[in-house]
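> The following block contains a protein sequence and its predicted model.
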Amino acid sequence: MDAGCLPRRALGDLGEEIAERFLALKGLTILARKLRIAQKEIDLLARDGDCLVFVEVRLRRGDRYGTALASLGPRKQQHLRAALREAVLRRGWRGAYRLDLITLDLDRARERLLLEHYRGL
């Protein structure tokens with residue numbers, strides 16, 4: 001299937017699936033997908049040893065509107081941090097936690113997908 005032809009939601013789901021598999025290969029345990037916290041969504045919740053990891057996945061096809069990394073502006077980061085704090089409080093988590101970012105840039109001309117993992121935003 002050509003990922004460049006997928007509808008936006010399906011492409012986002014595919015990006016999250018790729019990110020989930022990537023994290024699992026790195027030894028993280030996936031605990032939840034599309035975690036809803038007070039009208040905000042955290043794409044993936046994982047565990048890395050004793051650390052709870054909240055993961056935002058950003059995917060862009062082409063660079064017409066910038067890269068996947070550039071799509072995570074200050075306002076979105078604020079929303080993510082607020083959701084992360086709320087999730088930690090709701091779960092009663094007392095251990096270490098962090099926010100990671102996985103970016104996926106789809107270059108349709110070269111038929112390549114570039115994945116980057118940013119730990120601890």
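Thanks, I have it. Please read these numbers as outputs of a predicted model, since none were measured by experiment. Residues are numbered from 1 along each chain as shown.
> from here on, contacts and neighbour counts on C-alpha atoms
OK.
> just checking, residue 105 touches residue 68?
Yes. Residue 105 is within contact range of residue 68, at 6.0 Å (criterion: CA atoms under 8 Å).
> Mutual contacts of the two, please.
Shared contacts of residue 105 and residue 68 (CA atoms under 8 Å, 6 or more residues apart in numbering): 59, 60.
> check contacts around residue 103.
57, 58, 59, 68, 69, 114, 115, 116, 117.
> swap the cut-off to 10 Å and go again
Going by CA atoms under 10 Å, 6 or more residues apart in numbering, residue 103 touches 15, 19, 56-60, 67-72, 113-118.
> Which of the helices or strands spans it?
Element membership of residue 103, judged by DSSP states H and E, is strand 97-107.
> Give the next helix or strand downstream of that strand.
Next along from strand 97-107, by DSSP H and E: strand 112-118.
> which other helices and strands contact that next one?
Applying 3 or more CA pairs under 10 Å, 6 or more residues apart in numbering; DSSP states H and E, one finds that strand 112-118 contacts helix 8-25, strand 51-61, strand 97-107.
> Any stretches of the protein with poor pLDDT?
1-8, 62-65, 109-110 (pLDDT under 70).
> just the angle between the strand holding residue 103 and helix 8-25, please?
With axes from the mean of the first three to the mean of the last three CA atoms, to 10 degrees applied, the angle from strand 97-107 to helix 8-25 works out at 120 degrees.
> With only the CA atoms kept, save strand 97-107 in CSV.
Written as CSV, here are the backbone C-alpha positions of strand 97-107 (Å, rounded to 0.1, in the frame of the first residue of the first chain):
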residue,chain,number,x,y,z
TYR,A,97,9.0,9.6,33.7
ARG,A,98,9.9,11.4,30.5
LEU,A,99,8.4,12.7,27.3
ASP,A,100,9.9,11.3,24.0
LEU,A,101,9.2,12.4,20.4
ILE,A,102,9.3,10.1,17.4
THR,A,103,9.3,11.9,14.1
LEU,A,104,8.6,10.2,10.7
ASP,A,105,9.3,12.1,7.5
LEU,A,106,8.0,10.4,4.4
ASP,A,107,10.0,11.3,1.3
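> With that, I have no additional questions.
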